[in-house]
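[1] The following block contains a protein sequence and its predicted model.
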2 protein chains.
Amino acid sequence: MAKAMVKRRGRDPDVTRDKLLQAAFGEIYRRGFQAASLDTILAKAGVTKGALYHHFPDKASLGYAVVDEVVKGFLLERWGVLEPSSGDPVTTLQRILRRRAANLTAHEVELGCPLNNLAQEMSPLDQRFRQGVNATFDIWTGAVAKDLARGQAEGTVRKDVDPRKIAAFVVASIEGSFGLAKGAQSAAMLRSNLEVLRSFLESLRP
Amino acid sequence: MAKAMVKRRGRDPDVTRDKLLQAAFGEIYRRGFQAASLDTILAKAGVTKGALYHHFPDKASLGYAVVDEVVKGFLLERWGVLEPSSGDPVTTLQRILRRRAANLTAHEVELGCPLNNLAQEMSPLDQRFRQGVNATFDIWTGAVAKDLARGQAEGTVRKDVDPRKIAAFVVASIEGSFGLAKGAQSAAMLRSNLEVLRSFLESLRP
DNA sequence: CTTGCTATACCGACCGGTTGGTATGTATAA
DNA sequence: TTATACATACCAACCGGTCGGTATAGCAAG
């Protein structure tokens, strides 16, 4: 309680660090990591270079932290990976897809998936970026695969499919759908693609 | 015949322009458009700034030309859009997917699809980039949709599906598969995803 | 065929601005 | 008093773009 009450100037390192992460996330989401300007991030966060280089050794490390501490949670929350799953996984996945299609924002259609953006931009250029980004994708696909496998055990999913392969395809289709819709700037296309994916999931029932 | 024989110095504007386009394509494919350095492109092309700015008014225009004159053909050729199609479209698409899966290069897995890379990076930042990239995607999806519609007329494709929606989903799944595989640096994952897509296509038969 | 003129094609030094990064100073919390 | 948490001033490197100059090709006139 002490920290919250004592508000002498912006001198709370955790708050400062979080402002940096949030500002960096916004700028990276828009321009990409390489084109993201530290000065712009600093201005948006309302701090100076000194604060930035006190908390992070260099620009790359700021980027890694954005992936691990902002983008990861952003993604896993939005795709229901954090919620415990139960019942028929096909229906669960379909419900998540429908909910996402219903809650799309213009911002989201315009800028796409922040994790996928970073994956496409940085994977060939920076090994640590690739690892960080990929770790989150693995959590996602792993969760989907686990649900599908449970569905197979419970008799709600066909047993002649490989859960991990299907999970990877589902995630790839989602990311591809966001990507195409981003290029076309069309929420309708995105919804249509997610709808086709839902019908594909339907074909996984026994 | 005159031009080909007279080889006095590198003074052939068409050749110079093409060297610039090819060098720019390679650099943009690797680093992205924004991070692509003109000096690096110039060095790779073996020409100087003067030549570049004689042929193109600015960096952006060079990028547009790369999309229209290099990437577009690169993509349409690789996905069989230029070849005339006949017969059952599901089988045709499956054959293309199989051929692509068989002919994957390490380069391709590492760097992904050049058109999709540009779409993800530049769509929110530059309207003309978006239009150029999207025009090629439209040609691709349009060709797939047309084949599927023909299949419906010929009785080789189910009539209760919307060809354009299916075509968009197929393209999105392909691009998403390349994207995920690029992040995972895994040709196996890419092949697996294309295989799942082939089985999805199978479900389109009556 | 030669000469002279002009438009094209290209060269490379240079420019202002922005970049990520650093060094030093200072206020605050413990 | 000491370590932490910043702020500020500054730097070299690199960026896209410009500019004056030059070499060449094509054509027209003599």
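    Received the coordinates, thanks. Residues are numbered from 1 along each chain as shown, chains lettered A, B, ... in the order given.
[2] Would you mind stating the distance between residue A:61 and chain B?
    19 Å (Cβ to the nearest Cβ, to the nearest Å). Placement of C-beta: from N, CA and C, glycine included.
[3] Say whether chain B is contacted by the stretch of helix or strand residue A:117 belongs to.
    Per DSSP states H and E: residue A:117 is located in helix A:114-122. Yes: judged by Cβ under 8 Å from any Cβ of the partner chain, helix A:114-122 comes into contact with chain B through A:116, A:117, A:119, A:120, A:121.
[4] what is the mean pLDDT for stretch A:110-124?
    Taken as a whole, stretch A:110-124 carries a mean pLDDT of 98.
[5] Check stretch A:129-147 too.
    98.
[6] Quick check: residue A:101 touching residue A:190?
    Yes: using Cβ atoms under 8 Å, residue A:101 is in contact with residue A:190, at 7.3 Å.
[7] who has more neighbours, these two?
    In terms of neighbours (other Cβ atoms under 10 Å in any protein chain shown), residue A:190 is the more surrounded of residue A:101 and residue A:190; the figures are 26 against 18.
[8] For that one, which non-adjacent residue is spatially closest?
    residue A:181 (3.5 Å; Cβ to Cβ, 6 or more residues apart in numbering or on different chains).
[9] likewise residue A:158?
    Once flanking residues are discounted, residue A:158 sits nearest to residue A:206: 5.0 Å by Cβ to Cβ, 6+ apart.
[10] Just the strands from chain A, written as ranges.
    Using DSSP state E, chain A contains no strands.
[11] Pass me the low-pLDDT residue ranges in it, would you?
    Chain A contains residues with pLDDT under 70 at A:1-10.
[12] near DNA strand C, which residues of it?
    Contact residues, chain A versus DNA strand C (Cβ under 7 Å from any atom of the strand): A:6, A:8-9, A:11, A:36-40, A:49-50, A:53, A:58-60.
[13] One more pass at 10 Å, please.
    When proximity is defined by Cβ under 10 Å from any atom of the strand, chain A lies next to DNA strand C at A:2-3, A:6-13, A:27, A:31, A:33-43, A:48-54, A:56-63.
[14] rewinding a little: so which of the residues of helix A:114-122 next to chain B is the most crowded?
    residue A:120 leads those on contacts (other Cβ under 10 Å) with 30 neighbours.
[15] Spatially nearest residue to it (excluding sequence neighbours)?
    Computed as Cβ to Cβ, 6+ apart, the closest residue to residue A:120 that is not its neighbour in sequence is residue B:120, at 4.9 Å.
[16] Who are the contact partners of the one you found?
    When contacts are counted by Cβ atoms under 8 Å, 6 or more residues apart in numbering or on different chains, residue B:120 touches A:112, A:116, A:117, A:120, A:121, A:179, A:182, A:183.
[17] Relative to residue A:41, how far out is the fifth one?
    Going from residue A:121 to residue A:41 by Cβ to Cβ, to the nearest Å gives 17 Å.
[18] Could you report the neighbour count for residue A:187?
    The burial count for residue A:187: 16, using other Cβ under 10 Å.
[19] And it, how far from residue A:60?
    Computed as Cβ to Cβ, the residue A:187 to residue A:60 distance reads 34 Å.
[20] do you know how far the residue of chain A found nearest DNA strand D is from residue B:126?
    As assessed by Cβ to the nearest atom of the strand, DNA strand D sits closest to residue A:50 within chain A, at 1.7 Å. For residue A:50, the distance to residue B:126 equals 34 Å [Cβ to Cβ].
[21] Give me the more crowded residue out of the two.
    When residue A:50 and residue B:126 are compared for neighbours, residue B:126 comes out ahead with 18 against 9, by other Cβ under 10 Å.
[22] which parts of chain A sit against DNA strand D?
    So far as Cβ under 10 Å from any atom of the strand goes, chain A lies against DNA strand D at A:9-20, A:39, A:42, A:45-55.
[23] which residue packs closest to residue A:165, ignoring adjacent ones?
    residue B:192 (4.9 Å).
[24] In contact with the one residue sitting closest to the centre of chain A, which residues?
    Centroid-nearest residue in chain A: residue A:75, 2.8 Å away (criterion: Cα atoms, centre = their mean). With contact set as Cβ under 8 Å, 6+ apart, residue A:75 has these partners: A:81, A:113, A:114, A:115, A:136, A:140.
[25] Contacts only, for the fifth one.
    By Cβ under 8 Å, 6+ apart, the contact list for residue A:136 reads A:67, A:71, A:72, A:75, A:76, A:115.
[26] make it 7 Å
    Going by Cβ atoms under 7 Å, 6 or more residues apart in numbering or on different chains, residue A:136 touches A:72, A:75, A:115.
[27] ok, and for stretch A:68-79, which residues are buried?
    Neighbour-count burial for stretch A:68-79, counted by 16 or more other Cβ atoms under 10 Å in any protein chain shown, picks out A:70, A:71, A:72, A:74, A:75, A:76, A:79.
[28] Name the nearest residue to the third one, ignoring sequence neighbours.
    Think residue A:72. Per Cβ to Cβ, 6+ apart, closest to residue A:72 is residue A:136, 4.6 Å.
[29] now the angle between helix A:114-122 and the helix ranked longest in chain A, please.
    Assignment by DSSP state H gives helix A:127-154 as the longest helix of chain A. Note on geometry: by axes from the mean of the first three to the mean of the last three Cα atoms, to 10 degrees, helix A:127-154 and helix A:114-122 are set 130 degrees apart in direction.
[30] Centre of the chain to helix A:127-154, how far?
    Distance of helix A:127-154 from the chain centroid (Cα atoms, centre = their mean, to the nearest Å) equals 13 Å.
[31] so residue A:165 touches residue B:191, yeah?
    No: contact between residue A:165 and residue B:191 fails when scored by Cβ atoms under 7 Å: they sit 10.1 Å apart.
[32] which residues do these two both contact?
    Going by Cβ under 7 Å, 6+ apart, no residue sits against residue A:165 while also sitting against residue B:191.
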